[in-house]
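Colleague: This is a predicted model, with the sequence first.
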Amino acid sequence: MNLVLFGPPGSGKGTQSERVVKQYSLTHISTGDALRTAIRNKTAVGLKAREVIERGELVSDELVTEMLREIIRPLRDTTDSFLFDGYPRTTPQVEQLANLCEEFSLSHPAVINLHVPEETLILRLTGRRICADCKATYNIYFKPTRQAGVCDECSGPLTKRVDDNPETTRERLRVYHEQSAPVLRIYGEQGVLYTIDATGSTDDVAKKISRIIEENY
Ligand SMILES: [Zn+2]
């Protein structure tokens, strides 16, 4: 079984990826991590990517896909089940992923899309606070501390991520939706897209994902 997981920043995609990977023994392929590793290990693709990035340009679809090919090839002997995270991001990548699946005899992936209303995402992202001392995480709207600005665990001061202001957050979400809409449209037309309401608890969302997998795969 192969999955593609979609979700905007603040949708809980990272947490759900970890859970689903463990529960169904999938190999997690995150293109962001993969790119950093390829660059660090100076693979052929990593060297090409570094050149492009140093010129201030975006890594092409072909190069991203080539990088995935490098990752899948040595793993394919031991597994046929992957979770793709952050890929495909563009319409050409949709076709390239389909080709990779043919090439490596992988089943075509189901696409799960975590939907959370924009206003909830804004609160989740802008309300995040982290303890400067023990790194405990809070949210002023959803998981406040007993005393404002003070960590429940160690009484340390709470800090805010600099980029978690409403304006930057709205822009990040706008870019995300602009990029993902055409990709989701294609998967919708192919009948492999499952959009779920991801506003509930982590457990609730995990159950919804499991139900889709078990009913369809
Ligand atoms: Zn603390």
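Modeller: That came through, no problem. Residues are numbered from 1 along each chain as shown.
Colleague: And what about L5, helix, strand or coil?
Modeller: At L5 the chain is in strand, as set by DSSP: H, G, I helix; E, B strand; the rest coil.
Colleague: give me the beta-bridge partners of it?
Modeller: D85, I112 (DSSP bridges).
Colleague: show me the contacts for it.
Modeller: Applying CB atoms under 8 Å, 6 or more residues apart in numbering to L5 gives the contacts 13, 16-17, 20, 83-85, 112, 114. From N, CA and C alone the C-beta is placed, and that goes for glycine too.
Colleague: helix or strand right after the lowest-mean-pLDDT helix or strand in the chain?
Modeller: Using mean pLDDT, DSSP states H and E, the weakest-scoring helix or strand in the chain turns out to be helix 31-40, at a mean of 89. Counting by DSSP states H and E, the next helix or strand C-terminal to helix 31-40 is helix 44-54.
Colleague: now the angle from that following helix to helix 31-40?
Modeller: Orientation check (axes from the mean of the first three to the mean of the last three CA atoms, to 10 degrees): helix 44-54 against helix 31-40 gives 100 degrees.
Colleague: how about helix 44-54: buried residues?
Modeller: For helix 44-54, a neighbour-count test (16 or more other CB atoms under 10 Å) marks 45-46, 48-50 as buried.
Colleague: Same question for stretch 6-15.
Modeller: Residues 6-13 are the ones in stretch 6-15 that count as buried (16+ other CB under 10 Å).
Colleague: Who are the contact partners of E70?
Modeller: Applying CB under 8 Å, 6+ apart, the residues near E70 are 38, 43-45.
Colleague: Would you check which pair of those lies furthest apart?
Modeller: Of all pairs drawn from those, the widest gap by CB to CB lies between A38 and A44 and measures 8.7 Å.
Colleague: Could you point out the longest helix of the chain?
Modeller: Criterion DSSP state H: the longest helix present in the chain is helix 166-190.
Colleague: Tell me the first helix or strand C-terminal of that one.
Modeller: Moving toward the C-terminus from helix 166-190, the next element (DSSP H and E) is strand 193-197.
Colleague: between the helix or strand just after that following strand and strand 193-197, how many degrees?
Modeller: Toward the C-terminal end, the helix or strand that comes next after strand 193-197 (DSSP H and E) is helix 202-216. Using the same axes, to 10 degrees, the inter-axis angle of helix 202-216 relative to strand 193-197 is 150 degrees.
Colleague: which one of the buried residues of helix 44-54 is nearest Y176?
Modeller: Nearest to Y176, judged by CB to CB, of the buried residues of helix 44-54 is A49 at 21.9 Å.
Colleague: Spit out the contact partners of P144.
Modeller: Going by CB under 8 Å, 6+ apart, P144 touches Y138.
Colleague: Among the buried residues of stretch 6-15, which pair sits farthest apart?
Modeller: The span of those, defined through CB to CB, is set by F6 and G10 at 13.2 Å.
Colleague: Number of residues surrounding Q16?
Modeller: By the criterion of other CB atoms under 10 Å, Q16 has 23 neighbours.
Colleague: and the gap between it and Q147?
Modeller: Q16 is 32 Å from Q147, where distance means CB to CB, to the nearest Å.
Colleague: can you check G127 too?
Modeller: Taking CB to CB as the measure, G127 falls 16 Å from Q147.
Colleague: higher neighbour count, those two?
Modeller: Between G127 and Q147, counted using other CB under 10 Å, G127 has the larger neighbour count: 17 against 10.
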